[in-house]
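*Asks:* Okay, here's the prediction I keep looking at, along with the sequence it came from:
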Amino acid sequence: MSESNLKSMNELVSLSKRRGFLFQSSEIYGGLASCWDYGPLGVELKNNVKNRWWKAMTFREDVEGIDASIFMHPTTWKASGHIDGFNDPMVDCKACKARYRADQIELTKPCVTCKAEGQFTEPRDFNLMFKTQMGAVEDPSAMVYLRPETAQGIFVNFLNVQSTMRKKLPFGIAQIGKAFRNEISPGNFIFRTREFEQMEMQFFVKPGEQKDWMEQWKELRLNWHLGNGLRKEKLRWHPHGENDLAHYADAATDIEYEFPIGWGEMEGIHSRTDFDLAQHQKFSGKKLEYVDQMDGNKKYIPYVIETSVGCDRAVLALLCDAYRLENEGDKDNERVVMKFHPSVAPIKAAVMPLMKKENLEEPARKLFAELQQHYKVEYDTSGSIGKRYRRQDEIGTPFCITVDYDTLEDHAVTIRDRDSMTQERVALDQVKKYIQDKFGF
Ligand code: ATP
């Protein structure tokens, strides 16, 4: 059997639309550039990713979760450096007005949109934060930003969490939430969008212990991606050299995935020193020190190891990784199959009565109701069994369970495995256990 991986993002965009993973935002109005809506299967996949992350990051003694507001006091962004420094150099094509990030194109080459030569404006800084007004009065003092990262909601709550949860160093704070960046060149499906979701954790440590913790978190984070089912050879480290470190960081490394557009950052693991807390202490006038009872009540501002992963990029990597085209060109045997790891698969099993006949529907419905108590399952009656298998393969359902006429006699069903396409006869009252044994959850 021949098998190939995803070759282009367009293939994935059309499968996502056809099968209900992702739709263009406001499609009936012609869409809104680089904005996407998660459909019924996309939201299941995304929720599975978020739940796995939340469990891995917060179901431990030393990390607490929060959910901070998107709007924050405007001084937050002065302190964090986003007002003065969150800029990308931007150039415009003088001929067609297309806008590019100066660091992403070759300014000596023709415009990729209109092919005109030597037509770019001088690079100028463009702040990536979205601004809006809060309240009824349109006044500069009522101006607020949509947060460009979730991290600052964690830093400003450092003391609240530390004191209410009686935390001792080292400990972390995690959150999942939307972030907004007015990106100059968004695109490549959900790789770079202006509204996206981040899953971030800041781990506060005693100064001097950051190196060890950085190593520990690097390993944990890579293992998390592997546990989602991503292939090892599609993941790599990208350590930042001295020259590409942010001014406040003393070490940083990215986890990259090999997308069909090439290697791209999926997660950043940063050693951010005491920069953020020190800045917030300075701008707010509130002490953000930790009193170390294990070290003679010494007071200091903790150092921070941050892990920051884009939820949508993690979803994109899973979609790209799962995609397989088998037996290409062989009309009878060609199939697209999404080989999701069971833990992220949007639908875990599909129950299919062979025919829409009452005597088959009754045991099928009963089995569906039982499985639904444990897993997200589909009840699928439309079209031939072959067509139903094809659809379930394309949405990555690990098991298809057929209720047929023999079921009425032997009280058993046929379970077809998505990847091997082998079929097994399993007693009706053993189906739940069969799935549980295969999944391990
Ligand atoms: P890039 O270099 O791709 O612009 P970044 O280094 O600015 O990313 P961070 O600020 O470190 O990214 O954000 C952490 C994570 O958030 C990234 O690894 C990525 O997964 C995700 N992310 C950042 N910007 C976007 C975006 N515009 N769309 C989708 N995800 C994003």
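*Replies:* That came in fine, so what should we check first?

*Asks:* Distance check, the residue of the stretch 51-200 of the chain found nearest the ligand against residue 41.
*Replies:* Closest to the ligand within the stretch 51-200 of the chain is residue 196: 3.6 Å, counting by C-beta to the nearest ligand atom. C-betas here are computed from N, CA, C, even on glycine. Going from residue 196 to residue 41 by C-beta to C-beta, to the nearest Å gives 19 Å.

*Asks:* more neighbours, those two?
*Replies:* residue 41 (23 against 19; other C-beta atoms under 10 Å).

*Asks:* and the more buried one, which of the three is it?
*Replies:* When classified by DSSP: H, G, I helix; E, B strand; the rest coil, residue 41 comes out as helix.

*Asks:* Ok, residue 426 next?
*Replies:* Going by three-state DSSP: residue 426 is strand.

*Asks:* So it is in contact with residue 416, correct?
*Replies:* No. The pair residue 426 / residue 416 is not scored as a contact, 10.9 Å apart, by C-beta atoms under 8 Å.

*Asks:* who's more crowded, those two?
*Replies:* residue 416 (21 against 17).

*Asks:* domain parsing for this structure?
*Replies:* Each domain of the chain is listed here as a residue range: 9-72+146-319, 347-439, per automatic domain parsing.

*Asks:* Can you add mean pLDDT and give those back as JSON lines?
*Replies:* Below are those laid out as JSON lines (pLDDT from 0 to 100):
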{"stretch": "domain 9-72+146-319", "mean pLDDT": "97"}
{"stretch": "domain 347-439", "mean pLDDT": "97"}
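
*Asks:* near the ligand, which residues of this structure?
*Replies:* By C-beta under 6 Å from any ligand atom, the residues of the chain that approach the ligand are 149, 181, 183, 192-193, 196, 198, 265-268, 308-310, 312-313.

*Asks:* which residues does the residue in the chain that the ligand sits nearest to bridge with?
*Replies:* Taking C-beta to the nearest ligand atom as the measure, the point where the chain comes nearest the ligand is residue 310, at 2.4 Å. Per DSSP bridges, the residues bridged to residue 310 are residue 198.

*Asks:* any idea how far it lies from residue 106?
*Replies:* 26 Å.

*Asks:* okay, these two: which has more neighbours?
*Replies:* Ranked by neighbour count (other C-beta under 10 Å), residue 310 and residue 106 place residue 310 first, with 23 against 8.

*Asks:* Does the residue of the chain closest to the ligand touch residue 268 like I think?
*Replies:* No. Contact criterion C-beta under 8 Å: residue 310 and residue 268 do not qualify, at 9.3 Å.

*Asks:* Spatially nearest residue to the residue nearest the centre of the chain, not counting backbone neighbours?
*Replies:* Residue closest to the average C-alpha location in the chain (C-alpha atoms, centre = their mean): residue 311, at 1.8 Å. Spatial nearest neighbour of residue 311, excluding adjacent residues (C-beta to C-beta, 6 or more residues apart in numbering): residue 197 at 4.0 Å.

*Asks:* what about residue 115, how many neighbours?
*Replies:* For residue 115, using other C-beta under 10 Å, the count is 12.

*Asks:* Are we agreed that it is in a strand?
*Replies:* No. Counting by three-state DSSP, residue 115 is not found in a strand; it is coil.

*Asks:* how near is it to residue 378?
*Replies:* On the measure of C-beta to C-beta, residue 115 and residue 378 end up 48 Å apart.

*Asks:* Likewise for residue 8?
*Replies:* 28 Å.

*Asks:* between those two, who's got more neighbours?
*Replies:* Comparing residue 8 with residue 378 by other C-beta under 10 Å, the one with more neighbours is residue 378, at 20 against 10.

*Asks:* Report the secondary structure state of the closest residue in space to the more buried one that isn't next to it in sequence.
*Replies:* Among residues not flanking residue 378 along the chain, residue 350 sits closest, at 4.5 Å (C-beta to C-beta, 6+ apart). Under three-state DSSP, residue 350 falls in the strand class.

*Asks:* partner residues bridging residue 350?
*Replies:* Here residue 350, judged by DSSP bridges, has bridge partners residue 378, residue 400.

*Asks:* Just list the residues touching the residue of the chain closest to the ligand, thanks.
*Replies:* 196-199, 266-267 (C-beta atoms under 8 Å, 6 or more residues apart in numbering).

*Asks:* Scan these and report the most crowded one.
*Replies:* Neighbour-wise, the contacts of residue 310 (other C-beta under 10 Å) top out at residue 267, 25 neighbours.

*Asks:* And the stretch of helix or strand it belongs to, what's buried?
*Replies:* Element membership for residue 267, per DSSP states H and E: strand 262-271. By neighbour count on 16 or more other C-beta atoms under 10 Å, the buried set for strand 262-271 is 264, 266-271.

*Asks:* In a markdown table: those residues, plus distance to residue 97.
*Replies:* Output for the buried residues of strand 262-271, formatted as a markdown table (distance: C-beta to C-beta, whole Å):
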| residue | distance to residue 97 |
| --- | --- |
| 264 | 27 |
| 266 | 32 |
| 267 | 35 |
| 268 | 32 |
| 269 | 38 |
| 270 | 36 |
| 271 | 41 |
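
*Asks:* The stretch 301-441 of the chain: helices as residue ranges?
*Replies:* Using DSSP state H, counting those that start in this stretch, the helices of the stretch 301-441 of the chain run over residues 311-322, 358-372, 385-395, 405-410, 431-439.

*Asks:* C-alpha coordinates for the strand holding residue 267, PDB please?
*Replies:* Provided in PDB are the C-alpha atoms of strand 262-271 (Å, rounded to 0.1, in the frame of the first residue of the first chain):
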ATOM      1  CA  GLY A 262       8.400  24.500   5.900                       C
ATOM      2  CA  TRP A 263       9.600  24.500   9.500                       C
ATOM      3  CA  GLY A 264       7.700  26.900  11.700                       C
ATOM      4  CA  GLU A 265       7.600  27.800  15.400                       C
ATOM      5  CA  MET A 266       4.800  26.100  17.400                       C
ATOM      6  CA  GLU A 267       5.900  26.800  20.900                       C
ATOM      7  CA  GLY A 268       8.500  29.100  22.600                       C
ATOM      8  CA  ILE A 269      10.200  28.200  25.900                       C
ATOM      9  CA  HIS A 270      11.800  31.300  27.300                       C
ATOM     10  CA  SER A 271      13.900  32.100  30.300                       C
END
